[in-house]
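Undergrad: Mind looking at a prediction? Sequence and model below.
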Amino acid sequence: MNDAMNGAESLLRTLAANGVDTCFMNPGTSEMRFVAALERVEAVRGVLCLFEGVCSGAADGYARMKGKPAATLLHLGPGLANALSNLHNARKARSPVINIVGEHTIRHQQYDAPLSADIEAFARTVSGYVRVVKEASEMGQAAAETIAAAITPPGQVATLIVPADVSWTEGGECGPVVARPLRPLPESQAIGRAASLLQLEGTALLLGGTTINDRALAAAGRLSARTGAQVFADRNASRIASGRGRFHPHTVPYFPEPAIALLAGVRNLIVVESQAPVSFFGYPETPSYLLPEECQVFVLAERDEDGTGALEALVEECGAVGAAIPGDVPEPAAGPDSGPLTAHSIGAALAACLPEQAILSDEMVSASAPVVSHLVHAAPHDRMPVTGGSIGQGLPAALGAACACPDRKVIALEADGSAMYTLQSLWTMARENLDVVVIIFANRRYQILEIEMRRVGVAALSERTRESIDIGRPRLDWVRLSEGMGVRATRATNGAELRTQLQTAIEERGPRLIEAVLS
Ligand SMILES: Cc1ncc(C[n+]2csc(CCOP(=O)(O)OP(=O)(O)O)c2C)c(N)n1
């Protein structure tokens, strides 16, 4: 045992030994020893964020792109509570995330001091694993077990609660390096059963989880070409590979009516790391379950299994190895470059300018579908949608992805209302000089809420109702907000301006923001 090591240092050394090299942090008094220990453990990079929802969203974005966890450092119950919304998105993404949450000293906990809270209760709502460390000598082992829990397929949020005195007490040691578990392939009977289902009319595939990647898309494309099966993709998967040359599955639409229409002919659905699709919300007159009643659901790969490997095995089983992957999809119209900006003109500009292997953080809300229809024709890229419907994810996830992949351009596509939830991300992007281009879709509205209002039966929006959800007054000035946090910014009002500004922002390194004013 190394007597010179306190609990905080043993925690950091265990993280470092296990390759957890990034910690998105917003510390307070109880975490000061952890922050001090960062100086001695250089392998772990502390990234300061000015709101805990930025820490958690960044850890999620990092995990989605890197396939391994980052840590967050959060200040007691209230700090964790601020992080919950994006931990909810991380839970839906099945992202491995390690939360380190400070707690009062063990002796202090009896007094209900101002910052006392039920941290475990907060943690349990989003974490698959919660552990409280009781003494410094246990810290290394506890940290290793927390890491092991986070990386257990399919991945989950794991929370380690650390009393301040456990951090500062000597007697810690570095915990073990944990084995990285592999996702098992499904049983061969499952592959055989899926192959026989693919012989039947009306069989379709639904891809989710980690299976919207290059290899899995190629396999799904071959299966579609060989058997005629339609292929659908989960719109809220954690990461979606797209762009020229890739196979393009149909994304299940957001609203239930078009989703039900798209899935109407399906008699057997083969589900890969996903579940039978349901609508985002329940509505008065529309079913929530989107498949036809008579449709049978067959799970080819559970969420913790290797869905990509399963699809490739299915290609072999169906004799589709040599099938040509269908790639062509029609290019949507964008309108003239000189006209006012629309989601379509922004999509067309992006498709023209996107560099190879860009990472897109997609929080475009009502603009997402039109923009994504153009991105199919862009250079190959990865897109991270909001997995759990909780807005405020896009900017932090972009930040985390930029830390994870410094050699890839990150582009955050942000609806203005959503961007306001975690705009402190801009400050960290500037501080770390991260290579992120932020495009704000400035429609000055909560547009989706206006649409949803009508859908739940409010036929005409009265002036008063419209006013109650109007975010246009006062007008948000994104150029000044951004410059105020150290990120250079410009404003574009038509397609030509957007293209020029986008090209410049992409050519340069470092954070840039473009306020795209929508007509
Ligand atoms: C944490 C959280 N709070 C509130 C909501 C409800 N909500 C959904 S979209 C939205 C605002 C949409 O406005 P914006 O982001 O500007 O996108 P637009 O609809 O204009 O495209 C709100 C408040 C939510 N989904 N998540």
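TA: Thanks, I have it. Numbers count the residues shown, from 1 in each chain.
Undergrad: what's across from V47 in the sheet?
TA: Per DSSP bridges, the residues bridged to V47 are F24.
Undergrad: Return the residues in contact with it.
TA: Contacts of V47 were listed using Cβ atoms under 8 Å, 6 or more residues apart in numbering, and they are T22, C23, F24, M25, A58, C403, T428, E432. Where C-beta positions appear, they are placed from N, C-alpha and C, glycine not excepted.
Undergrad: Report how many residues lie close to the residue in the stretch 51-200 of the chain that the ligand sits nearest to.
TA: Using Cβ to the nearest ligand atom, the single residue of the stretch 51-200 of the chain nearest to the ligand is S85, 5.1 Å away. Around S85 there are 21 other residues, counting by other Cβ atoms under 10 Å.
Undergrad: For the helix or strand hosting it, C-alpha coordinates in CSV please.
TA: Using DSSP states H and E, S85 falls within helix 76-93. Extracted in CSV, the C-alpha atoms of helix 76-93 (Å, rounded to 0.1, in the frame of the first residue of the first chain):
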residue,chain,number,x,y,z
LEU,A,76,-23.1,17.2,-3.7
GLY,A,77,-26.8,16.7,-4.3
PRO,A,78,-27.6,20.0,-5.9
GLY,A,79,-24.7,19.7,-8.4
LEU,A,80,-25.9,16.3,-9.3
ALA,A,81,-29.5,17.5,-9.6
ASN,A,82,-28.3,20.2,-12.1
ALA,A,83,-26.7,17.4,-14.1
LEU,A,84,-29.7,15.1,-14.2
SER,A,85,-31.4,16.2,-17.4
ASN,A,86,-28.4,15.4,-19.5
LEU,A,87,-27.7,12.2,-17.5
HIS,A,88,-31.3,11.2,-18.5
ASN,A,89,-30.2,11.6,-22.2
ALA,A,90,-27.0,9.7,-21.4
ARG,A,91,-29.1,6.9,-19.9
LYS,A,92,-31.2,6.7,-23.0
ALA,A,93,-28.1,6.7,-25.1
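Undergrad: Which secondary structure elements does that helix sit against?
TA: helix 52-66, strand 70-74, strand 97-103, helix 119-124, strand 157-163 (3 or more Cβ pairs under 8 Å, 6 or more residues apart in numbering; DSSP states H and E).
Undergrad: Looks like C403 contacts A58 (just checking).
TA: Yes - using Cβ atoms under 8 Å, C403 is in contact with A58, at 7.0 Å.
Undergrad: out of these two, which sits in the busier spot?
TA: A58 (32 against 25).
Undergrad: Show me which of the contacts of V47 is closest to G175.
TA: C23 (16.2 Å; Cβ to Cβ).
Undergrad: count of residues packed around the closest residue to that closest one other than its chain neighbours?
TA: Leaving out its chain neighbours, the residue that sits closest to C23 by Cβ to Cβ, 6 or more residues apart in numbering is A71, at 4.3 Å. Residues near A71, counting by other Cβ under 10 Å, number 30.
Undergrad: and of the contacts of V47, the nearest to P78?
TA: Nearest to P78 among the contacts of V47, with distances taken as Cβ to Cβ, is M25, at 15.0 Å.
Undergrad: low-scoring stretches of this protein, by residue?
TA: 1-3, 334-336 (pLDDT under 70).
Undergrad: Close to the ligand: what parts of the stretch 251-400 of the chain are there?
TA: V365, S366, A367, G389, S390, I391, G392 (Cβ under 6 Å from any ligand atom).
Undergrad: Out of those residues, which end up buried?
TA: V365, S366, A367, S390, I391, G392 (16 or more other Cβ atoms under 10 Å).
Undergrad: so where do the strands sit in the stretch 401-519 of the chain?
TA: In the stretch 401-519 of the chain, the strands defined using DSSP state E, counting those that start in this stretch lie at 410-415, 436-442, 488-492, 512-517.
Undergrad: can you list the ones you listed in JSON lines and add mean neighbour count and distance to R13?
TA: Putting the strands of the stretch 401-519 of the chain into JSON lines (neighbours: other Cβ atoms under 10 Å; distance: least, Cβ to Cβ, whole Å) gives the following:
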{"stretch": "strand 410-415", "mean neighbour count": "29", "distance to R13": "30"}
{"stretch": "strand 436-442", "mean neighbour count": "27", "distance to R13": "31"}
{"stretch": "strand 488-492", "mean neighbour count": "19", "distance to R13": "39"}
{"stretch": "strand 512-517", "mean neighbour count": "25", "distance to R13": "37"}
